[in-house]
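In: Pasting the sequence and the predicted coordinates here, then a few questions.
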Amino acid sequence: MSFSFNFDVPKQIVNPDFTREKEGHNEKKDNAATSKQVNTTPSEPVKEAKEYLPVPDLQFLLLDAVTETVTIGTLPPLQFLNETVFEKTSSEREDDEKILSRTAEQRSDLISGVYEGGLKVWECTYDLLELIDRDGETFEGKTVLDLGCGSGLLGILALKRRASNVHFQDYNSTVIEELTVPNVILNLQDDDDEESEVERKKGTGKGKKQEEDGTTKTSTDKCEEKSESPPPKKRANDLSQNPLLTKCRFFSGDWSTFLPLVLSSDPPIRYDIILTSETIYNTAYYPALHETLHKLLAPEGLVYLATKSHYFGVGGGLHLFETYVEQRGIFSVQHVWDGDEGLQRHVVILRFLKPKDT
C-alpha cells in the first residue's frame with residue numbers, strides 16, 4: 001500500500017523537494033515526531049467551544065491558495081493547503097488567537113493550552129488513511145466526527161465516501177477558519193470540477209439528425225455549449241449551496257466545553273464513527289478525551305485512533321492511554337495496525353465493552 005503526492009503549485013515557487021517518494025516523506029514524518037516537545041501544563045485557560053458557521057461567500061478562502069494532494073491506494077485524492085506556504089503567509093491571515101505569530105516566535109509546533117498542533121498534518125493521519133484504504137470503510141450513511149481534526153483530511157474522506165453527516169473539531173478556531181474549512185471547500189470544488197467535466201463530456205457529444213433531403217447533419221445544442229463548464233469564480237460562489245457542505249459542522253474549543261455544546265443539540269448527537277489522530281500526546285487531556293468519546297459515541301460505534309507509542313517531551317503515548325482506558329472499564333482497545341519502522345506508530349479501535357466483556 002503506498003501513497004504519492006501531487007502538487008498544484010505556481011511555477012515561481014515550485015521546489016524540487018516537493019516531489020517526494022514515500023520513504024522520503026516517512027523520514028520527514030519521523031523527524032516531526034520529536035517536535036512536540038513542550039510543557040504539558042496549559043499556559044492559559046482552556047478555550048470555550050463554539051460552532052463556526054461558514055460565510056456565504058467562500059471564494060476568498062482559496063485566493064492564492066497553494067495546494068497539496070495526497071493519494072493513497074484506492075482512496076479519492078485529498079487536497080489540502082500546503083503547510084510551508086501556509087506558515088510563510090501567516091502574517092497575512094486572520095488570527096484572533098495569535099497562534100500563527102506565537103508559534104513562529106517560539107518555533108514550536110505545540111503550545112499547550114494555546115495551540116495544539118492543528119496546522120500540521122501529523123504522520124499518523126496517513127497511517128489511518130492507509131488502514132481505511134485497506135479495510136474498505138465506505139462511511140456511507142454514517143455520522144462521523146473528526147476529533148482534533150487539524151487539516152480535516154479524515155473527515156473530508158468520510159464526506160467523499162458518502163457519510164450522512166461529518167463534524168470537524170479542533171482546539172483552535174484559527175485552525176478551523178483558516179485551514180479546515182478551506183480544505184473542505186477545496187475538496188468540494190475539486191469534486192464539482194470533476195462532475196462538471198463528466199457532464200461536459202456527456203453534454204457536448206455530437207448527435208446526428210436526419211434532414212428532409214435525406215442527408216445527415218452533425219449538430220451541437222447551443223444550450224449545451226453555454227452550460228459546459230461555469231467559470232472558476234462562479235463555481236466557487238456556488239459552493240455555498242453545495243449539498244455536501246450542508247452535511248458539515250465545524251467546532252473549535254477544548255473537549256471539556258465541546259462535549260456539552262454538542263450534547264445540547266436536540267436530539268443529542270451520537271457518532272457512528274469517531275476518527276482521531278495524534279490526540280493522546282498529553283496525559284493531562286485524557287479525562288476530557290475519554291469523557292468525550294464515552295458520551296458521543298453511538299452504542300455500536302467505533303473510535304479509530306492513530307497514535308505513536310510515545311511522545312518524547314510531552315509524556316503521553318499509547319501504553320499510558322490504554323492503561324487509562326482499561327482502568328475506566330468503558331471501552332475495549334483493539335490493535336488493528338502496528339508499525340515497526342522508526343518511532344513505533346499504531347492504529348487502534350475503541351468500542352464499548354459488552355456485558356460479557358466486563
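Out: Received it, and whenever you're ready, just let me know what you need. Quantities reported herein were computed from a predicted structural model and do not represent experimental measurements. Numbering: from 1, shown residues only.
In: just the helices in this protein please.
Out: Along the chain, the stretches classed as helices by DSSP state H are 22-32, 83-88, 99-106, 123-135, 153-160, 173-175, 181-203, 222-226, 232-238, 255-263, 286-296, 318-328.
In: per-residue confidence averaged over the longest one?
Out: Right, helix 181-203. The average of the pLDDT scores along helix 181-203 is 66.
In: Over to the first one?
Out: Confidence over helix 22-32 (mean pLDDT, whole number) is 40.
In: Low-confidence regions, the stretch 201-350 of the chain specifically.
Out: Low-confidence segments of the stretch 201-350 of the chain (pLDDT under 70): 201-241.
In: Residue 325 and residue 242: what is the separation?
Out: Here the criterion is CB to CB, to the nearest Å. By it, residue 325 lies 38 Å from residue 242. (Each C-beta comes from the backbone N, C-alpha and C, glycine too.)
In: Give me the neighbour count for the nearest residue to residue 138 once chain neighbours are set aside.
Out: Distances taken as CB to CB, 6 or more residues apart in numbering put residue 161 closest to residue 138, at 5.1 Å, once the chain neighbours are dropped. Summarising burial for residue 161: neighbours were counted as other CB atoms under 10 Å, giving 18.
In: In this structure residue 161 contacts residue 142, no?
Out: No. Applying CB atoms under 8 Å, one finds residue 161 not in contact with residue 142, separated by 9.3 Å.
In: Surely residue 314 is in contact with residue 278?
Out: No. When contacts are counted by CB under 8 Å, residue 314 is not listed as touching residue 278 (10.6 Å).
In: which of these two has more neighbours?
Out: Taking other CB under 10 Å, residue 314 and residue 278 do not tie; residue 278 has more neighbours (27 against 19).
In: Which residues are in contact with that one?
Out: With contacts defined as CB atoms under 8 Å, 6 or more residues apart in numbering, the neighbours of residue 278 are 117, 122, 123, 124, 125, 148, 306, 307, 308.
In: Kindly provide the distance from it to residue 259.
Out: Distance from residue 278 to residue 259, by CB to CB: 20 Å.
In: and what of residue 124?
Out: Residue 124 is 23 Å from residue 259, where distance means CB to CB.
In: do residue 62 as well
Out: Residue 62 is 32 Å from residue 259, by CB to CB.
In: Looking at those two now, which is surrounded by more residues?
Out: residue 259 (20 against 17).
In: quick one: which of the contacts of residue 278 is nearest residue 53?
Out: Nearest to residue 53 among the contacts of residue 278 is residue 148, at 20.5 Å by CB to CB.
In: now stretch 146-163: mean pLDDT?
Out: 97.
In: List the buried residues of it.
Out: 146-161, 163 (16 or more other CB atoms under 10 Å).
In: Also stretch 100-119?
Out: In stretch 100-119, counting by 16+ other CB under 10 Å, buried: 100, 103, 108-119.
In: wait, isn't residue 171 in contact with residue 148?
Out: Yes. If you go by CB under 8 Å, residue 171 and residue 148 touch, sitting 7.2 Å apart.
In: any residues in contact with both of these two?
Out: With CB under 8 Å, 6+ apart, residue 171 and residue 148 have common neighbours 116, 118.
In: What lies in contact with stretch 303-322?
Out: The contact list for stretch 303-322, computed with CB under 8 Å, 6+ apart, reads 33-34, 36-38, 40, 110, 124-125, 127-128, 131-132, 273-283, 285-286, 293, 297, 331, 333, 343-351.
In: Just the buried subset of those residues, written out for ChimeraX, thanks.
Out: Burial among the contacts of stretch 303-322 is assessed by 16+ other CB under 10 Å; the matching ChimeraX selection reads:
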select :33,36,38,40,110,124,125,127,128,131,132,273,274,275,276,277,278,279,280,281,282,283,285,286,293,297,331,343,345,346,347,348,349,350,351
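In: taking the contacts of stretch 303-322 one by one, which sit in strands?
Out: 273-277, 297, 331, 333, 345-351 (DSSP state E).
In: now, which of these sits nearest residue 339?
Out: Once CB to CB is applied, the member of these that ends up nearest residue 339 is residue 345, at 4.4 Å.
In: Quick one: low-confidence residue ranges for the stretch 51-200 of the chain.
Out: Short version for the stretch 51-200 of the chain, where the test is pLDDT under 70: 55-61, 63, 87, 90-91, 190-200.
In: For stretch 275-293, what is the spacing between the initial and final residues?
Out: Stretch 275-293 has an end-to-end distance of 10 Å (criterion: CA to CA, to the nearest Å).
In: Next: stretch 299-317.
Out: Using CA to CA, the two ends of stretch 299-317 sit 26 Å apart.
In: which of the residues in it are buried?
Out: So, applying 16+ other CB under 10 Å, buried residues of stretch 299-317: 301-308, 310-311, 314, 316-317.
In: Serialize those to CSV and add fields for distance to residue 180.
Out: Shown next, in CSV, are the buried residues of stretch 299-317 (distance: CB to CB, whole Å):
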residue, distance to residue 180
301, 22
302, 22
303, 20
304, 18
305, 19
306, 18
307, 20
308, 23
310, 27
311, 23
314, 23
316, 23
317, 26
